[in-house]
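K.L.:
sequence plus the predicted model coming up.
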There are 2 protein chains.
Amino acid sequence: MTSTPTQPSVKYGRPVTTDGVPDIYAGATVTPWTPPDPGIDNLGISSIDTFAVPGVGEYTVAFDGYVRVVRSEPTSRQWSDAEVYTNLIEMKMVGSCPELGTITVRLNPDCLSTGQIRTPFDPYAGEGPSAKACRMAVGAVFSMPKLGMKLINKEPIILTIDDVRQIPPAGAPGKGQIYRMLPLHDIENPDAEPVAYVTSLRFTMGGYLSAEQMAAR
Amino acid sequence: MTSTPTQPSVKYGRPVTTDGVPDIYAGATVTPWTPPDPGIDNLGISSIDTFAVPGVGEYTVAFDGYVRVVRSEPTSRQWSDAEVYTNLIEMKMVGSCPELGTITVRLNPDCLSTGQIRTPFDPYAGEGPSAKACRMAVGAVFSMPKLGMKLINKEPIILTIDDVRQIPPAGAPGKGQIYRMLPLHDIENPDAEPVAYVTSLRFTMGGYLSAEQMAAR
């Protein structure tokens, strides 16, 4: 597991402290409709991302890995009123395709990836009466050793999960809110034109992993 | 007109130089399907934004104002191949509603608001065969003197225009790609919880303005 060593220069939202917050692993109980105490959730994650490389092609890659998410004290013990703030403090996802080779996705240490869970202002038909909306703004590094490149996003990737009935929303499907294209830049030349684009991202939050499972991923 | 005095700490995309780039005002000719020389477009803009203030209410405000957008040299003189990079270098929009009072929206000088125009990877049915997609990532300051607050977005507001057949896409309708809610923070306390949210944003690019019209807005 790799932690983020430097201070981020970009914060996409609210910082959440990790001081004194316990790690939570496989075996923990999650109670629906109940704001939990602060914790660092160690969760599996999988994702299907499509990358477009101008003039070359479009490639869809299946990723698998883990995240560590620190959750704040909820603003209320009442589910309907509670807001919970989150920071994505660690991520590792690995996928591959023949053309791009193996791709490893980690957090960009220059960005604080932040999120929150709250009651939406526009409840959907079909969501539970008190279902919440989860969103996270993420800065990532896509390492592509076959191409000899590390790519970063300079606009955050907005990951969303709807119809959240428990915290964490383990097992829930989510979506990257990408409108047509999200530019990716060469980390060595971030002010130059984009090298590639993410054109689609769909993910699924996994359940709690054990410390051993985290280390093995 | 106010320019951005400080160096931005956050760049949402590619910087575009303004050195030697002429301002373009009302009376300029725009040729469809033709990548233009670099320019600084002085354009009208209007927008209908909805703000949600937790526990208080949701308010829809009509804004009117102007933008100044610098465009890069196109990457090709061939429309179908051309990419054009843009920076939003100035913005002023004013709107009001009884509850929130007068709201003035300007650029956040701490962010470089960036965009691009390129051929999308997912051409829509109904778009012209060579229509392009325009996108801009914006950091703004919403001044609300009645509430004694200035609010900022820490995730960029993604403004998009589809079916672009000329540059600039004057007169075209566009949308803020906001998924359910975009948090707004107090500029004096940006690490605290959001004060309000933008829940919807629809805008229309106006045409070129004269220097006199710019000064009067």
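P.N.:
Everything's here; your move. On a predicted model such as this, the values are computed, not experimentally measured, just so you know.

K.L.:
which helices and strands does the worst-scoring helix or strand of chain A on mean pLDDT pack with?
P.N.:
Least confident helix or strand of chain A, by mean pLDDT, DSSP states H and E, is helix A:211-216 with a mean of 94. Under the contact criterion of 3 or more CB pairs under 8 Å, 6 or more residues apart in numbering or on different chains; DSSP states H and E, helix A:211-216 touches strand A:39-53, strand A:57-71. From N, CA and C alone the C-beta is placed, and that goes for glycine too.

K.L.:
among those strands, which is nearest A:Lys154?
P.N.:
Closest approach to A:Lys154 among those (CB to CB): strand A:39-53, 15.9 Å.

K.L.:
in its sheet, what does the closest one sit against?
P.N.:
strand A:23-24 (parallel), strand A:57-71 (antiparallel), strand A:196-208 (antiparallel) (DSSP bridges).

K.L.:
I'd like the ones you listed laid out as CSV, including distance to B:Pro54 and mean neighbour count.
P.N.:
Listed next are the strands paired with strand A:39-53 as CSV, based on distance: least, CB to CB, whole Å; neighbours: other CB atoms under 10 Å in any protein chain shown:
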stretch, distance to B:Pro54, mean neighbour count
strand A:23-24, 28, 18
strand A:57-71, 19, 18
strand A:196-208, 25, 19
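
K.L.:
settle this for me: A:Gly206 is touching A:Gly44, isn't it.
P.N.:
Yes: in this structure, A:Gly206 is within contact of A:Gly44 by CB atoms under 8 Å, at 2.5 Å.

K.L.:
joint contacts of those two?
P.N.:
A:Tyr66 (CB atoms under 8 Å, 6 or more residues apart in numbering or on different chains).

K.L.:
circling back to that earlier point, now the helices and strands packed on helix A:211-216 as CSV including distance to B:Gln116 and mean pLDDT?
P.N.:
Listed next are the helices and strands packed on helix A:211-216 as CSV, based on distance: least, CB to CB, whole Å; pLDDT from 0 to 100:
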stretch, distance to B:Gln116, mean pLDDT
strand A:39-53, 14, 98
strand A:57-71, 18, 97
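
K.L.:
with distance to A:Gly115 added, can I get those in JSON lines?
P.N.:
Formatted as JSON lines, these follow (distance: least, CB to CB, whole Å):
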{"stretch": "strand A:39-53", "distance to A:Gly115": "12"}
{"stretch": "strand A:57-71", "distance to A:Gly115": "8"}
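
K.L.:
out of these, which comes closest to B:Glu83?
P.N.:
strand A:39-53 (13.1 Å).

K.L.:
so where does the most far-flung residue of chain A relative to its centre fall, helix or strand?
P.N.:
Most distant from the centre of chain A: A:Gly55, at 28.9 Å, with distances by CA atoms, centre = their mean. Using DSSP states H and E, A:Gly55 is not contained in any helix or strand.

K.L.:
ok, it to chain B distance?
P.N.:
9 Å (CB to the nearest CB, to the nearest Å).

K.L.:
secondary structure class of the closest residue to A:Pro74 other than its chain neighbours, three-state.
P.N.:
Leaving aside its sequence neighbours, A:Pro74 sits nearest to A:Pro35 (CB to CB, 6 or more residues apart in numbering or on different chains; 3.5 Å). Three-state call for A:Pro35 (DSSP: H, G, I helix; E, B strand; the rest coil): coil.
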